[in-house]
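Visitor: How does the following fold in three dimensions:
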Amino acid sequence: METANVVWKSDLKQEHGIPQHNRIYVFLRFLAFAATLAAALVMGVNKQTIPMVVGLGNAKPIYGNVTAKFHQTPAFMFFVIANAVAAGYSLVTFILSLGKMVGCFHAPISLLLAIGDLVMVALVSAGGGAAASVARLAKSGDQRAHWDKICDKFDAYCRHGGGALIASFLGVFFLMNLNVLSTLYLYKLANNKRM
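Guide: Next up, the predicted model:
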């Protein structure tokens, strides 16, 4: 009888001496950087000016320009800051990961990365949640509080904000996957030391 060769995930084909799991790790770091940077930039430059009736003079409407900017809402400011911090963290760890691509990080550095990734997931999730609640209010309004919706007037502003939210939550997804990979690597190291 012939025995079948079993290929373990740790024995995945290496190209140019770089294990596949290291390439996935570095690629996820780049995606987390790109997503959080895009979220911070799109929301940070989000601005729309429209002419509106701002008052009445002699029973005639007085028109003025009204501008919606991200920094007029504290939740959007927190969103931009949280994503900018996560983008900076992701860039630094991406560069470090490129330098260590051929070999794996040692356990203390991997532990710091796992903790850092977890903190960034919490930070970006909090910023995204705060911005999403304000965005929903801008889109739908609140009849009980007598707050009118503004997305019917500032449609481009709301679309750009929605795109920034999508990019931010993609960043959360990539950071969560990085955290899982770092944790699995630490688990593997701990099991290898027991044997």
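Visitor: which secondary structure elements does the worst-scoring helix or strand of the chain on mean pLDDT contact?
Guide: Least confident helix or strand of the chain, by mean pLDDT, DSSP states H and E, is strand 47-57 with a mean of 75. Counting contacts by 3 or more C-beta pairs under 8 Å, 6 or more residues apart in numbering; DSSP states H and E, strand 47-57 packs against strand 60-69, helix 155-194. All C-beta atoms are positioned from the backbone trio N, CA, C, and that covers glycine.
Visitor: Could you spell out the sheet neighbours of the shortest one, each with its direction?
Guide: In the sheet containing strand 60-69, the strands it pairs with under DSSP bridges are strand 47-57 (antiparallel).
Visitor: Buried residues in the strand it pairs with, which are they?
Guide: Q48 (16 or more other C-beta atoms under 10 Å).
Visitor: Show me the contact partners of it.
Guide: Strand 47-57 is touched from outside by 61-70, 153-154, 156-157, with contacts defined as C-beta atoms under 8 Å, 6 or more residues apart in numbering.
Visitor: Can you say which two of those are spatially most distant?
Guide: The distance between the two most remote of the contacts of strand 47-57 (C-beta to C-beta) is 28.4 Å, for P61 and F70.
Visitor: Settle it for me: which of the two has more neighbours?
Guide: Each of P61 and F70 has its neighbours counted (other C-beta atoms under 10 Å); F70 has more, 21 against 10.
Visitor: Excluding residues flanking it in the chain, which one is nearest that one?
Guide: F76 (4.2 Å; C-beta to C-beta, 6 or more residues apart in numbering).
Visitor: From the contact counts, what lies against the helix or strand harbouring that neighbour?
Guide: Secondary structure from DSSP states H and E places F76 in helix 74-99. If you count contacts as 3+ C-beta pairs under 8 Å, 6+ apart, helix 74-99 packs onto helix 20-44, helix 107-140, helix 155-194.
Visitor: could you give the mean pLDDT of the shortest one?
Guide: Spelled out, that is helix 20-44. For helix 20-44, mean pLDDT is 89.
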